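# sequence below, structure please.
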Amino acid sequence: MKIFAIQKRAISVFLHLVAFLMGIGIDLYVPSLPAIADYFNATSHAVQITIGIYMFGYAIGQLFLGILSDSFGRRKIIILSGFFYTLASLLAAFSPNIFLLITYRFLQGLSISGLGVVARAVATDMFDGLDLAKSLASFSLSWAIGPILGPFIGGYIQHYFDWKTNFYVF
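Numbers count the residues shown, from 1 in each chain. Presented below is the predicted three-dimensional model:
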């Protein structure tokens with residue numbers, strides 16, 4: 001099936017937004033870690049686990065979600081991953097304790113890995129040769145901008161709102 005230029009552009013924009021979300025997934029709420037510790041009356045170590053568990057979910061998800069996208073289709077995995085990422089983000093904002101926040105961060109990592117692995121696969125499906133190289137380079141650049149802008153944006157969110165707003169932004 002031939003993809004028209006407008007569709008290709010829309011998919012490319014979506015892929016770059018996914019990459020940016022992957023990059024910002026940790027660093028956006030880092031300025032809020034002390035506020036999260038205060039809110040839950042938790043140790044800083046317990047709050048820092050939310051970062052490691054997110055990365056663990058991200059790693060685990062990549063092991064099987066790419067294979068599932070080959071079996072069941074990329075669209076289904078993208079839709080389900082996006083749905084569960086949104087759900088986990090909203091549930092994280094309403095976490096009654098640090099243990100559930102840790103659980104929701106794991107689910108966020110797991111679901112963003114589905115978006116990420118499928119986005120890279122879609123780029124490989126859509127482009128070849130020099131266009132593929134350009135697409136993957138700009139995908140990497142979009143990802144790299146997330147950790148750069150994340151703390152800056154997260155600091156403003158924490159200052160003007162509260163830690164929960166970070167999860168609404170996700």
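
# so where is this structure shaky, pLDDT-wise?
1-3 (pLDDT under 70).

# quick check: longest helix of it.
Of all segments of type helix in the chain, defined using DSSP state H, the longest is helix 129-160.

# and it, what does it pack onto?
With contacts taken as 3 or more C-beta pairs under 8 Å, 6 or more residues apart in numbering; DSSP states H and E, helix 129-160 sits against helix 5-27, helix 98-126, helix 163-169. Every residue, glycine included, has its C-beta placed from N, CA and C.

# distance from the chain centre to it, please.
11 Å (C-alpha atoms, centre = their mean, to the nearest Å).

# ok, now stretch 45-55?
On C-alpha atoms, centre = their mean, the centre of stretch 45-55 falls 15 Å from that of its chain.

# show me which residues of that stretch are buried.
Buried residues in stretch 45-55, counted by 16 or more other C-beta atoms under 10 Å: 46-47, 49-51, 53-54.

# which of these sits closest to Arg74?
Using C-beta to C-beta, Tyr54 comes nearest to Arg74 of the buried residues of stretch 45-55, at 23.2 Å.

# burial of the residue lying closest to that closest one once chain neighbours are set aside, as a residue count?
Leaving aside its sequence neighbours, Tyr54 sits nearest to Gly109 (C-beta to C-beta, 6 or more residues apart in numbering; 4.0 Å). By other C-beta atoms under 10 Å, the residues close to Gly109 number 27.

# for Phe139, same thing?
With other C-beta under 10 Å as criterion, Phe139 counts 21.

# also the one 4 residues further on?
The local packing of Trp143 (other C-beta under 10 Å) involves 19 other residues.

# so it sits against Gly25, correct?
No - shown here, Trp143 and Gly25 do not form a contact pair, counting by C-beta atoms under 8 Å, at 10.0 Å.

# grab the nearest non-local neighbour of Leu136.
Counting by C-beta to C-beta, 6+ apart, the residue nearest Leu136 is Ala123, at 6.1 Å.

# relative to Ala137, how far out is that neighbour?
In this view, Ala123 and Ala137 are 11 Å apart by C-beta to C-beta, to the nearest Å.

# between these two, who's got more neighbours?
Neighbour count, other C-beta under 10 Å: between Ala123 and Ala137, Ala123 has more, with 20 against 10.

# good, wrapping up.
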